[in-house]
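> for reference, the sequence and a predicted model appear below.
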Amino acid sequence: MIELQGLTKTYAGKRVVDDVSLTLQSGEFGVLIGPSGCGKSTTLKMINRLIPLSEGRILINGDDVTQLPVEQLRRRIGYAIQSTGLFPHWSVARNVATVPQLLKWPKARIDDRVDELMTLFQLDPAEFRDKYPHQLSGGQAQRVGVARALAADPEVLLMDEPFGAVDPLTRETLQAEMRRVHAQTGKTIVFVTHDMDEALALATRIALLNGGRLVQYERPIEMLVDPADDFVREFIGQADLGLKLLSRRFVHQYQRRARLAPETGLERLDEHAWLVDAEGRPSALAGARLDDADAITRVKPEWIATPEMSMKEALSRMVWYRVTALPVVDRDGRLIAEVGMPGVMGIEGDGAAREAAS
Amino acid sequence: MPREHTPRVIGNRVLLTLWLAAAIGVALLPFATLSPNRLVSGQPVMLWQALPGWQLGALGLIAAGLLLAALARGLASRTACWLGLALTLPLLGLTLFALGDYAQRALAEASPAARVSQGGAFWLLLLAAALIAVDALQRLRLALLARALFALLALGLIGACLASDLLAPLSLMREFANQRDIFVAQGLRHLALVGGALLPALALGLPLGLVATRSRRWRDGLFSVLNVFQTLPSIAVFGLLIAPLAALAHAVPWLGELGVSGIGVAPAIIALVLYSLLPVVRNTYAGLAGVPATTLEAARGMGMTSRQILWRVGLPLALPVILSGLRIVTVQAIGLTVVAALIGAGGFGAFIFQGLGQYAIDLVLLGAIPTIVLAVIADFLLQLLVAASRPPGTR
Amino acid sequence: MSVAAERSGRLRRAATGNLTLALLTLLLVGLTLGMSQLEPLFRALFPDLSQPLYSRDSFLNLMLAHIGLVLVSSLISVSVGVAAGLFVTRPAGREFEPMVSSLAAIGQTFPPAAVLAIAVPLAGFGFTPTIIALSLYGLLPVIQNTIAGLGTVPASTREAARGNGMSAWQILWRVELPLAMRVIIAGVRVSVIINIGTATIGSTVGAKSLGTPLIAGLVGNNLAYVIQGALLVGLLAIVTDLAFERLERRYTFG
């Protein structure tokens, strides 16, 4: 667990980090994000005391970081930066072994650990142990950088824009790998980025900073749904972040109970409802058309949703077929639930249909 | 821009230029000079007068081979380069042998006081051989080690000629034979002066370079002071040190007993150290400042102490640059030590200035040639060292 | 440090630099013309010397001779050196570039004093061998820096110039040379400073220079002569170096 309490950094009278307080539980993936100059990197570097703090306290698992000898503290905390941070004159194996060597582990244990980490990051030890950083691709170098940071099994891992210098495709691969490694190791991670996509892809908690102040500290979904102020809204609203978020959310999270239409009196319905055939397959939707609220629309196979479908795809179908709700069907094509605009807005489903799906 | 591809008649214009320059030089300059005694200036002897038929024939064959390599019609360009490179060794050997052979024959008929000296064409042929080799080695893109091996081969050839009695009849070699003991002593003195200056220069310069990385104010001041020394003519620094050192030795007698005085070794070494400091400090600073900031931050973030960062990261990465500085100062010190002979410090420069004073050209060459050879060899060796010091990951 | 502070600091340093240069130049001229006024001082400093002031020639003559040696040789070095550097960087001469570069590099390892000495058997004693040695030696840094300077011009810049319809000549004059100028001047600076020093030793091969009193003092054990020669030649070198520093700064872009 990492606790920042009233953390403040003053440079020449200017408060570049201003009274930041937050708590990150063990095993969480915290992302510090904000525009350049917002103090996110400074905040990160105060945790391992690369930058001395001016006011406030930082506790790691209850220990005040300023109370520990600084080198000992840093060896307890993994630190990964852009790939240029690799030592160019050392082989991959020696780079990964940096902290274990500083901690004077026995050689056999270091070797085992290096192999284990390289395997974790899908770098074949036989092939990569003796390579030098300049022989690696950007993505490989970055994996080595993270492996090095994890070498001594640190309690906490700090990452300062580690994927800033790699191409977008590699970055997405590395992000996926990072999610996997986080899930496998359960490390507490603090990660700095300026890229909201990256934050959404990785974080379990996002801390948005601006001008040195903590603007919002929230789970990603809540931050999207409920931005604290206009700054947050603007920061998130850049580009098509909403869509990208939807692409990482799935129908089964947002589906709700589908209302079946009565046999008669369809025209008096105050809400939309589904008609099903004898096998329980959706045949038509009464209401919920964008252009004609009272129309009855035949269900076509193209606009049926499944629980595994991404919300982005679901939204796309809704827009294309001009409806505000899609039928969600199981593998046999039977109606189990519906997904609609509230789901797209991020309002989670009632879970009622999940049993039906399972 | 699309380069026009004209069919090339000439394979290697550099080699052709060298060939023509050497041919014109050989036609115009004497290969040797023959003088009745040491004091009279000699009579020029042209190449075709000095060499017997078979040597001229051999030289002609070598020249024809080189011309073939230059024109390279029907030869792959690498083959042509190898041919040119291979021919430089016989060219070198033949030139040396022909001069010694001519001296032997000429002196057999002349009075014992007569002397044979090398002429312009002789130097030109040696220079041509060297340059052709340099050109071929560059075109073949051989590794530094392969070049070193070839240089060793050529040096071995020259060494063998010097060690045998082949060149002994030459005026220069006679002078050498007369001065052998002094030559060795002055050579050792030369090296001692260079070494004696480099050690303190490193001992002072490395820490000062470290200081320069820590403080900008120090760096600016240090560099401007040291730059002044680099600017001052060496002889002026030697000269200006005489009075204060003489006064110092006078005021502190035990210093005088240690050998400190206005002239001789003490001012020479002090001046050499002052000259050597700037490159050492500047390169130490540049090497350390050239380590990427992210690498240093990573090292700190991993929990290395500043000492560990310096020894494990900073110095290994800066070492090639620091050694390049050492290369500069070593070559520079070898040259400046020549001038130190003027204030009585000895070394090869003593021959030069003694020779200039007496108008004894052989004596001048006896000082100048070994100094140049020393400088070139030191430069090459340190170049190898710089290459070897590059960490495998940064090569 | 903020950009403005950095800038004002640089301006201040440049201003104090200009002042230093002016004062040193004044001192150099004053000493050259008025060294004889200092005779009482030298007499007091070296009471044992019967002749504490070099008088075989005026210091003005020596200074002019020294400057003349350096000027003539440097003009030769610069014109030949820049021309050679240009030749080997044009398509026609590119084949000669590696050879010329390594000659320039190897040649600079030769000690200047040894080069001067070797010129004697080739050209005798006096002005000529000194000029030959100085020009040849001074050539090398000029060539090296001309090649290096032209090499720093980014290919994209050259391509842009060509794309804008400049001829090869115009590219050279309007783009390449101005951009390479600072590095070329740095080479000329090295060459001239080395030549000022080597010209001093030129007096050992019979060329008149500020080294004449210096060497005469060393040979004749007259420290006053040594100091007079050394002071003047040292000042000359420093003033020249500072002046070149100014010049280089003028060609620093960005």
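Received the coordinates, thanks. Computed from a prediction, not measured in an experiment: that's the story for all the values here.
> what does the stretch 251-395 of chain B put close to chain C?
By the criterion of Cβ under 8 Å from any Cβ of the partner chain, the positions of the stretch 251-395 of chain B lying close to chain C are B:262, B:331, B:334-336, B:338-339, B:342-343, B:349, B:352-353, B:355-357, B:359, B:361, B:364-365, B:367-368, B:371-372, B:375-376, B:378-379. Heads up, the C-betas are built off the backbone N, CA and C, glycines and all.
> so of these, which ones are in strands?
When DSSP state E is applied, those are split such that none fall in strands.
> and these, which are buried?
Taking 16 or more other Cβ atoms under 10 Å in any protein chain shown as the criterion, what is buried in these is B:262, B:331, B:334-336, B:338-339, B:342-343, B:349, B:352-353, B:355-356, B:361, B:364-365, B:367-368, B:371-372, B:375-376, B:378-379.
> quick one: the strands in chain B?
Per DSSP E, chain B carries strands over the ranges B:32-35, B:43-45, B:115-118.
> most neighbours per residue, which of those?
Each of the strands of chain B was scored by mean neighbour count; the highest is strand B:115-118, a mean of 24, by mean count of other Cβ atoms under 10 Å in any protein chain shown.
> how distant is that one from the center of its chain?
Here strand B:115-118 shows a centroid-to-chain-centroid distance of 24 Å under the convention Cα atoms, centre = their mean, to the nearest Å.
> pLDDT on that strand, on average?
Here the mean pLDDT over strand B:115-118 is 87, rounded to a whole number.
> again, but for stretch B:173-186
The model assigns stretch B:173-186 a mean pLDDT of 89.
> tell me which residues of it come out buried.
Using 16+ other Cβ under 10 Å as the burial criterion, the residues of stretch B:173-186 that qualify are B:173, B:174, B:175, B:176, B:179, B:183, B:186.
> pLDDT score assigned to residue 194?
Looking at chain A here, since you left the chain open. Looking at residue A:194, its pLDDT stands at 88.
> not quite, go with chain C.
Looking at residue C:194, its pLDDT stands at 91.
> residues contacting it?
Taking Cβ atoms under 8 Å, 6 or more residues apart in numbering or on different chains as the definition of contact, the neighbours of residue C:194 are C:112, C:137, C:138, C:141.
> looking at those residues, spot the one nearest chain B.
residue C:112 (6.3 Å; Cβ to the nearest Cβ).
> okay, now that closest one: neighbour count?
Counted with other Cβ atoms under 10 Å in any protein chain shown, residues neighbouring residue C:112 total 24.
> excluding sequence neighbours, find me the nearest residue to it.
With sequence-adjacent residues excluded and distances taken as Cβ to Cβ, 6 or more residues apart in numbering or on different chains, residue C:112 is closest to residue C:198, at 4.4 Å.
> for residue B:372, give its distance to residue A:289.
The span separating residue B:372 from residue A:289 equals 96 Å under the rule Cβ to Cβ, to the nearest Å.
> now swap in residue A:139 and tell me
Using Cβ to Cβ, one obtains 47 Å as the distance from residue A:139 to residue A:289.
> ok, now residue A:279?
Here the distance between residue A:279 and residue A:289 works out to 25 Å (Cβ to Cβ).
> and these two? which has more neighbours close in?
For residue A:279 against residue A:289, the residue with the higher neighbour count under other Cβ under 10 Å is residue A:289, and the figures read 18 against 10.
> residue contacts, that one?
Applying Cβ under 8 Å, 6+ apart, we find residue A:289 in contact with A:295, A:297, A:322, A:323, A:324.
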